[in-house]
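[1] take this sequence and fold it.
(3 chains)
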Amino acid sequence: MNLPLAALLVVLVAVIAASIALAAFYWAVRRKQFSIRDLNEGAYTIFDNDEPVGKPQDVMFDDSRKQNKKQ
Amino acid sequence: MTPESKTKSNDATERAKAFHQSDLMDDTELRVKIDESLASAVALFFATSLFWLLLGSIFGLIASYKMHWPDWLGEYAVLTFGRIRPAHLNTVAYGWVSLAGAGALLWMTSRLTRIPIKWGWMLFISVLLWNIGVAYGTGAIIFGYSRGMEWLEFPRIAGFIIALGFVFFALPILKTFIHRKVNHIYVSLWYILASVVWFPLLYLTANFGHYQGVVEAGMNWWYGHNLLTVWVTPIGLAMAYYFLPKVIGRPIYSYYLSLLGFWSFALFYNWNGIHHLIGGPLPTWLVTVSIVASVMMVIPVLAVAVNHHMTTFKHFHMLKFSPTLRFTVFGAMAYTAVSLQGSGMALRSINEITHFTHYTVGHAHLGVYAFSTMILFGGIYYIMPRLSKWEWPYPSLVKWHFWLTAIGVIIYVVALTIGGWYQGLDMNNPDKDFMESVLNTIPYLYLRSLGGTMMVVGHLIFIYHFALMVKRAGPRRFAPPWFKKPEEESAV
Amino acid sequence: MMFIRSFVFFFGVLATLLLGWAALVGIPDIMISEIDPPDELERYTAEEAFGRQIYIREGCVYCHSQQVRPEGFGADQERLWGRPSVPADYVFDRPHLLGTMRTGPDLMNIGVRQTSVSWHMEHLYDPRLVVEGSTMPPYPWLFEVKRSAGPDEFVLDLPEDRVPEGKVVVATREAEALVEYLLSLDRSYDSPQRVVDNDEEE
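    As a prediction, the model looks like this:
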């Protein structure tokens, strides 16, 4: 197998794979599988009622906090 | 403690709450359930990984000393440089990073799918097989039965045992994913799932394929670099994407970018490997393809960098409080640095100098230590108290651990980066005798040993602290808001 | 919907990895695994193959490469380490020992540069006996301290203070095989690749 043929094969496979991916993406967007709102909401999945947005976790070296807790 | 305006955060919480499909269980209760389903298995992953961390870093330290004191312990065959160096690489890669990473991925999977882990019993088989595989493989290298290819020194049997261990790790993750109780798959979970698919494929093709001569060299480095692509880097990025926003309490800066970052990462990164063979006997087009892909890596790296650093930006004061954040931010910064450096090193003009030198060794440690290992430390600091329901007893030990390892790795990387650059310049200068490139490097190798010693001392402190925690020794702490009872809430 | 999205995701990540494998391993495998060895390149003898095993066992590859870079890329040519390496030079090499580190010099043609058996033996016993300032480790377990040497054994010519009274240091079978292997490293014949290139031009 010589070089040009091999290179052509790689490019061909890459182009086909890329077009499948693009088509799937286009299809997904048209079927409203993706939406802008959806994506931004995703960033909030890691928070919940008990560990809400705006509340830092893992606060260890804060002395004032420690004293409060020890009561 | 809550700098955000109340209305804003309440609004965001409402939106987040609306987004979750199931809030059947109380959040705290669910979290405790998840942690209990994982506690002993993940703790086992962490504990055994720390054993390999200690053993591996001692191997590394011996190898480092031997670079400038070649006669030290020179009479022992099992401790010769050519055996102890691959033993170091394999124990830290397959023992420490892999086992600790597996533990962290399991915990994050369960948290992000919001259900207790499924098929948890498999994890005990996994941790057992994995440790047997690494122990067997390390023994084989030390006693002279290495396969002779970098990153693939373990005999095939050890590789098979590890692969089997990986299957018993991957199945619970996939099963848990199928039964997930969330609508959205968080970005960390993309990386986790991708690596669960990638790693077995990569490992099996590399360990059981048959290739000849230079093709084998190509496969060797396609594998060697891809171990970072499909396993080490996804572990670090998944953890950074989870812990940075979680600890700070703000969502990721741009969720779009994380999507772009993930897919460009998947597309470009696994074409990089052949840049380890620039100037070698492989066909030029093959090397060029890898160089192009290495430079294209700038896209996912910048996407991740913007996301991580913009999330942390304005919250730097929190580094004073959180051990997890401190380690994770250090790791995220190292990721940006090491990736951009890597893209640069793939360019022929730079590679001509850095190839075959200690510069590459410095680069490797900037990646696997300053990025990956530091983020793993941060993750263990966050996860372990939740599993053991016992806080880390001594914050001062955490500080020692951080500063020793952080300064140690900075000394290490800076020394080898400068030393390796001069080594390359000397080597490429035909007017200089080759021996000059050896002798001029030695001062930097002493510095490397200093940095390495600091890192090992840091590991000893960390392991001591870990043992204290598991034994529930030391003063009981309530400082971090973990597993607090409802009545304590008022004190916050 | 969720099922389709997951399917696209898993298919996507699978495809990216397989594409990389095909380009960087699969196609090169088809292209260059069938090359014939050059006429001058000989299969390793049993002794040399055994020596190669010792080379792998002691991890020589972590400090010594076996690949020579072309003119204008590093100083390999000026240092007279040999002509640029080509795939055909490695037909019999399994596992490959290309290496990625040059703490010590390249060994692709060490059998041409250093032909002395006794130099190699002393160098392996204690590198600093023959190379001042060397940082190579010593390999004393490849040698034996004996009262007297056997008929076929190689006796090392060491300085007096390095040999115990009334004893001799002789090479074991492993050291002899390793030196045999090092001496066999000779790829100084004409590059087979270059001949092919010239043919194409004509």
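[2] find me the pLDDT at the residue of chain B found nearest chain C, would you?
    Closest approach between chain B and chain C, counting by Cβ to the nearest Cβ: residue B:82, at 2.1 Å. Heads up, the C-betas are built off the backbone N, CA and C, glycines and all. pLDDT, residue B:82: 95.
[3] against residue B:52, how distant is the closest residue to it other than its chain neighbours?
    If you skip the residues right next to it in sequence, residue B:82 has residue C:59 as its closest partner in space, 2.1 Å away by Cβ to Cβ, 6 or more residues apart in numbering or on different chains. Using Cβ to Cβ, to the nearest Å, we find residue C:59 at a distance of 20 Å from residue B:52.
[4] likewise residue C:190?
    49 Å.
[5] biggest helix in chain A by residues?
    helix A:3-30 (DSSP state H).
[6] now that helix: buried residues?
    A:6, A:10, A:13, A:17, A:21, A:24 (16 or more other Cβ atoms under 10 Å in any protein chain shown).
[7] could you say what helices and strands that helix packs with?
    helix C:2-21, helix C:27-32 (3 or more Cβ pairs under 8 Å, 6 or more residues apart in numbering or on different chains; DSSP states H and E).
[8] what's the local residue count around the residue of chain C found nearest chain B?
    Nearest to chain B in chain C, going by Cβ to the nearest Cβ, is residue C:59, at a distance of 2.1 Å. Look at residue C:59: counted by other Cβ atoms under 10 Å in any protein chain shown, it has 23 neighbours.
[9] so, low pLDDT: which residues of the chain?
    As the question left the chain open, I've gone with chain A. For chain A, the stretches flagged by pLDDT under 70 are A:1-4, A:6-7, A:32-39, A:59-71.
[10] you looked at the wrong chain, it should be chain B
    Low-confidence segments of chain B (pLDDT under 70): B:1-25, B:477-492.
[11] could you pull out the strands for chain C?
    Applying DSSP state E to chain C gives strands spanning C:143-146, C:168-171.
[12] which of these sits closest to residue C:32?
    Residue C:32 sits nearest to strand C:168-171 of all the strands of chain C, at 37.9 Å, using Cβ to Cβ.
[13] which residues sit against that closest one?
    With contact meaning Cβ atoms under 8 Å, 6 or more residues apart in numbering or on different chains, strand C:168-171 is reached by C:121, C:125, C:142-150, C:153-156, C:158, C:162-163, C:179.
[14] re earlier: phi first, then psi, for the residue nearest to residue B:82.
    Note on residue C:59: its backbone torsions stand at phi 70, psi 40 [degrees, to the nearest 10].
[15] tell me, how many residues neighbour residue 48?
    You didn't say which chain, so I picked chain A. Neighbours of residue A:48 (other Cβ under 10 Å): 20.
[16] that was the other one, I meant chain B.
    21.
[17] packing partners for the helix or strand containing it?
    Residue B:48 is part of helix B:27-68 when elements are defined by DSSP states H and E. The contact analysis (3+ Cβ pairs under 8 Å, 6+ apart) places helix B:27-68 against helix B:81-90, helix B:98-113, helix B:122-142, helix B:374-388, helix B:442-470.
[18] the last one and chain A in contact?
    Put plainly, it is helix B:442-470. No. No part of helix B:442-470 sits close enough to chain A to count as contact by Cβ under 8 Å from any Cβ of the partner chain; the gap is at least 12.5 Å.
[19] having no further points to raise, I will conclude here.
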